[in-house]
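> Mind folding the following:
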Amino acid sequence: MSSNKNVVPEAREALNRFKMEAASEVGVNLKQGYNGDLTSKQAGSVGGQMVKKMIESYEKNMK
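Residues are numbered from 1 along each chain as shown. Next comes the predicted model:
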């Protein structure tokens, strides 16, 4: 069973900023709070961009 709670509650704001930045980069307009009106393609684009940036950051820090 999945949980929507962050392991570090203080990280919630940073994750929200990260999500908004990723959405902006792929041209998806997110608003604070509920975004259930997004298409699956839009939501997937935001999530994909977040993963891409996390992998890039990890690879950069490995060097």
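
> And the residue sitting nearest the centre point of the chain, how far from M62?
Using CA atoms, centre = their mean, the residue of the chain that lies closest to the mean C-alpha position is K19, 3.3 Å off. Distance of K19 to M62, computed by CB to CB, to the nearest Å: 24 Å. Using the backbone N, CA and C atoms, a C-beta is placed for each residue, glycine as well.

> which SSE is the residue nearest to the centre of the chain in?
Assigning secondary structure by DSSP states H and E places K19 in helix 12-25.

> Quick check: which helices or strands does that helix pack against?
Contact here means 3 or more CB pairs under 8 Å, 6 or more residues apart in numbering; DSSP states H and E; on that basis helix 12-25 packs against helix 40-62.

> Now do N35 against A43, distance only.
N35 sits 8 Å away from A43, going by CB to CB.

> same question, K63
In terms of CB to CB, K63 sits 32 Å off from A43.

> same deal with E10?
Separation of E10 from A43 (CB to CB): 25 Å.

> Looking only at neighbour counts, state which of the two leads.
Under the criterion of other CB atoms under 10 Å, the comparison of E10 against A43 puts A43 first, with 15 against 7.

> Tell me who's in contact with the more buried one.
Contacts for A43 (CB atoms under 8 Å, 6 or more residues apart in numbering) come out as N35.
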